[in-house]
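Visitor: Fold the following for me, if possible:
(2 chains)
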Amino acid sequence: MSLNKNILGLIFANMHEDVIPELTRQRTMGSVLFGGRYRMIDFVLSSMTNSGVDEVGVVTKSNYQSLLDHLGSGREWDMARKIGGLHLLPPFSNVASGIYRGRLEALAGITDFINHSAADYVIMSDCDVVASFDYDAIFDAHVKSGADITAVYARANLDSDAAVHSNVFGIDDNGRINNVLINPQLSGECNVALNTYVISKDLLVNIIRDGAAKGHYSFAKTILQARCNEFDIRAFEYTGYFSKITSIKTYYDANMALLSTENRKALFRDTNPIYTKIRDNPPAKLAIGAKVKNSLVADGCIIEGTVENSILFRGVKVGKGSVIKNAIVMQDTCVGKNCTLDSVITDKQVIITDGKILTGSSSYPVCIGKSAQI
Amino acid sequence: MYTKKECVAMLLAGGQGSRLYALTQDMAKPAVPYGGKYRIIDFPLSNCVNSGIDTVGVLTQYQPLVLNDYIGNGQPWDLDKQYGGAHCLPPYQTALGAEWYKGTANAIYQNIAFVDRYSPEYVIVLSGDHIYKMDYNDMIQFHKEKGADATIAVLDVPLEEASRFGIMITDDSGNIVDFEEKPKNPRSTLASMGIYVFTWSKLRQYLIDNENNPDEDKDFGKAIIPNMMNAGEKLVAYAFDGYWKDVGTLDSLWEANMDILNPKIPIDLYDPDWKMYSRNPVLPPQYFGENANVENSMVAEGCIIDGEIDFSVIFEGVTIEKNAIVTESIIMPGSVIKEGAIVEYAIVGENSVIEKGAHIGARPEAVENRDDWGIAVIGHNVTIEENASVGPKDMVPDIRKK
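Guide: Residues are numbered from 1 along each chain as shown, chains lettered A, B, ... in the order given. You can find the predicted model right below:
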C-alpha cells in the first residue's frame, strides 16, 4: 500500500438494480443484503479502504435511505475523515442533472465534486460485484501502461441469462480493448466486464463535458464501445474470487457459494477485511435441540430449530421444530415454531407465523418482501 | 462551550486479578474476555451509557496496553464526545514526583482535577470486575431523594456467603449504621457491590483529608466509608436484586459464562432495551460445517465450527475441527481446537492451539476426590501438544511471560 495515492473513488450505488427488482424495491443495489452480515457496497468500499483510496464519493439516484443509514459517516470503513473520507452524493437537482439515465449523466451531476477533489486519478466501481479488489494493482497497471482508461474484467463462463446483464470485452494481443459487447446474447467463457474503471481526472472531466454537450448518457455505449479505437482502453484481468449479480438466481447462488470455506477464505482475506455497519448484537445462540449444518449464522441469531445449507443474517430467530433449508434469511426475520422454509429468500424483518410451509426451488427461490407477515 | 455534568463515573480498572493468573499475565482483569464477544469492562461501560452517564474516567494501572487499546476514544460505547466521553486515566508524573495509585481512594484523589473539569454534583465509583446490568440513574435518583452523602449498592446474599463480602448493617430506614469487611460472623446479609454514589463536594474533601493522613489506607472500604460514617455523614444502602457476579476467580469466571446459557438465570444479553456494547471484530459470519453438532452454546463471528459443542461459550475467530468435542467450556478469541481433541470444563485463553487428540479438563464425575476437581485453564498464546493431557484444576500459563 503506497501513501498519498492521489485517487478519488466513485461508487455507483444504484446501477444494475433492475437485475434483482425483488430486493431493490426499497433500496439501492449497494444496500442489498449479502452474505449474512453485509451489504453489496461493503465489498467495493472495503476494497477502497484496504487499497488506501481514502476519498470516496457514493453516487445515488433514488431509494437511498437504507444506503445512507448503512454508511452513516463512513466510520466503520475508516472513511470518517477530515482529509478525504466518504461523501454521499444524492441527485443534485438543477437543469443539467436531476435523475440520471446512465453513468455519464450521473457523473455530470457530480462534476463539481470531481473537480473539487485534489486527486489526479479516479477509480469507478459499481455494487453488482462481490469481490475483494486490490485497486493498488489496477492503478499501478494503469499508470505503467499509459492507457487512457483501464477497465477491469474477469474470465468467466456466461450463460445467456447472465450475458444480457453483462458487458463483454474483446481484447487484442497487447491487452487493448478493441471490441465491447453490451448485454450480448451469448454463452461460454468470455471477458466479462466487472464495471470497474481507472481514468485520469482530467480526461474524465473532458468526457463528461463532451457527453453533456452531445446529450450522451451511457459511458459503456458512447465511450467504451463507440470510441475504443480512439482512446487507449486497456483491460486488466482480475483473477481473485468474485461473483457478479445478474438475476435473483445468481444472487442466490453467490450467497450459497459462501458456504464453501475455500470461497470464504478467498473473499475474506486476512489482509483485506470486509467492513460493515456494526449492530452490537450478542453472539449467535444455538439452544437445546438446535441442529445447524453447513450454514452461516450471524450474530444475534437465536436458533431453536434445524438449519441446513442456509445463510442467516443478524438477529434471525428460528423457533422450535422449524426447519430452514437452502434459504437466505435476512436480518431480524422471525420464524415461528414448526415452520418449513426450503429454497426461500426472506427480506428483512419478515415474520413467519407458526406452522407455515414455504417451498421454492433452487433455480427460482421464493422471495418474501421486506416486513411481510405470513 | 461550558456545561456541567450532573454525574461523572470513575471506573476502577487497574486490578491485576491475580487469582485469574493465566488469563491476566498481560492484561488487566477488566480486559478479560467474557460472554462470547465482550470484555468484563463492557458491562459497567454499557451500563453507564444506558443510564445516560456520558463521562467516564477509566482508572488503569496494571498491564494497561490491552485495555487502553480496547477503550480507545470510547466510540464503541458512544463515549466519543466533544465534552465528556471515555478517558483512560493512568498514574502520571507531576512537579512533585510520580507515584502509582496506592489504593482505590488514592486513584480518584490523583484525578480530582479530571472530575473538577465537569463540576459534577455526583460521582459514581464503579469497578471493572463485575458482571451485571444496572440502571445507575435509578441509584442516583435514590441518592438524591434520600438526601444522602454516599449511597452504596447492596445485594442480599445467602448468610453462608456473607463472610466473603463487605457487609453493610442498616437501620430500619436503610441508613448504613455500621460496616464490616469480610466478617466471620456476619450481622447482616447486605453485601456491598462495590458501586458507590457520592456527592462530589463531600467525597472531594474526604479524599483530600485521607491523603493528608499518612497513617490511613488509601481505600474506600478501609478508610473513606468508615471516616464518613464516623463523622456522621448520611450513608444509605441501595438494594439491587438483579444478577450480579464478581468474576474474581477462575471458577466464578467460568460460572458467569455458563450463567448466560442458563435460561433460568436473569442475565439476558439479547434484551434490545439494554444493549451491551463492545468493540466488534471485523470478521465474516460464523460458519457451521457438515459435521457440526452444536447445542446450548453461544458462538461469535468468524468462527468455523465442524465439531461438537455443548454448553459452551465460543468467542470470535475460533476454529473447532471435525471430531473435536467441547463441553462446558469457554474458548477465547482466535483459538483452534484440532481434530479429535477434547475440551471439557475448561477455559482456553486467546490465540491458543489445542493439537489433535489432546485432552483438556475432566467432568466432575470423572474425578474420585471432589477436592481434586476444578476448571482446567489454558492461558493465552499457548500450544498444547498432540495427544497431551491437561488435568482438571491444572493451569497452563504462557511460559514466555514468567
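
Visitor: Longest strand in the chain, please.
Guide: No chain was given, so I picked chain A. strand A:188-200 (DSSP state E).

Visitor: oops, I was thinking of chain B
Guide: Assignment by DSSP E gives strand B:190-199 as the longest strand of chain B.

Visitor: who in chain B is up against chain A?
Guide: B:35-37, B:75-76, B:269-270, B:275-278, B:280, B:282-290, B:292-301, B:304, B:313-316 (C-beta under 8 Å from any C-beta of the partner chain). For the C-beta atoms, the positions are set from N, CA and C on the backbone; glycine is no exception.

Visitor: Write a PyMOL command that selects only the buried members of the residues you listed.
Guide: Applying 16 or more other C-beta atoms under 10 Å in any protein chain shown to those, the buried members can be selected in PyMOL as follows:
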select buried, chain B and resi 35+36+37+75+76+269+270+275+276+277+278+280+283+284+285+286+287+288+289+292+293+294+295+296+297+298+299+300+301+304+313+314+315+316
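
Visitor: still on that earlier bit, same for the longest strand of chain A, what does it pack against?
Guide: Counting contacts by 3 or more C-beta pairs under 8 Å, 6 or more residues apart in numbering or on different chains; DSSP states H and E, strand A:188-200 is packed against strand A:121-126, strand A:129-131, helix A:135-145, strand A:149-158, strand A:167-171, strand A:242-244.

Visitor: Send me that strand as CSV with only the CA atoms.
Guide: Output of strand A:188-200 as CSV, limited to C-alpha atoms (Å, rounded to 0.1, in the frame of the first residue of the first chain):
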residue,chain,number,x,y,z
GLY,A,188,-19.4,-19.7,-22.9
GLU,A,189,-16.2,-18.4,-21.4
CYS,A,190,-15.5,-14.7,-22.2
ASN,A,191,-14.0,-11.5,-20.8
VAL,A,192,-16.7,-10.2,-18.5
ALA,A,193,-16.6,-6.6,-17.5
LEU,A,194,-16.6,-6.0,-13.7
ASN,A,195,-17.7,-2.4,-14.1
THR,A,196,-14.5,-1.1,-12.6
TYR,A,197,-12.5,1.7,-14.4
VAL,A,198,-9.4,3.8,-13.8
ILE,A,199,-9.1,7.1,-15.6
SER,A,200,-7.3,10.4,-15.1
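
Visitor: Buried residues of that strand, list them for me.
Guide: For strand A:188-200, the neighbour count (16+ other C-beta under 10 Å) marks A:190, A:191, A:192, A:193, A:194, A:195, A:196, A:197, A:198, A:199, A:200 as buried.

Visitor: wait, the second one sits on residue A:168?
Guide: Read it as residue A:191. Yes. Residue A:191 is within contact range of residue A:168, at 6.0 Å (criterion: C-beta atoms under 8 Å).

Visitor: List phi and psi for the residue in the stretch 51-200 of chain A positioned nearest to chain B.
Guide: Residue nearest to chain B within the stretch 51-200 of chain A: residue A:75 (7.4 Å; C-beta to the nearest C-beta). The phi/psi pair for residue A:75 (degrees, to the nearest 10) reads phi -60, psi -40.

Visitor: Please identify the nearest residue in space to it, excluding sequence neighbours.
Guide: Of all residues not flanking residue A:75 in the chain, residue B:75 sits nearest, at 7.4 Å (C-beta to C-beta, 6 or more residues apart in numbering or on different chains).

Visitor: Let's see the pLDDT reported for that neighbour.
Guide: We have a pLDDT of 94 for residue B:75.

Visitor: Could you do residue A:3 as well?
Guide: The predicted structure scores residue A:3 at 44 on the pLDDT scale.

Visitor: who touches the least confident helix or strand in chain A by mean pLDDT?
Guide: The helix or strand with the lowest mean pLDDT-type score in chain A, counting by mean pLDDT, DSSP states H and E, is helix A:160-163 (a mean of 73). Helix A:160-163 has contacts (C-beta atoms under 8 Å, 6 or more residues apart in numbering or on different chains) with A:183, A:184, A:185, A:186, A:187, A:244, A:246, A:247, A:249, A:250.

Visitor: I am finished for the moment; much appreciated.
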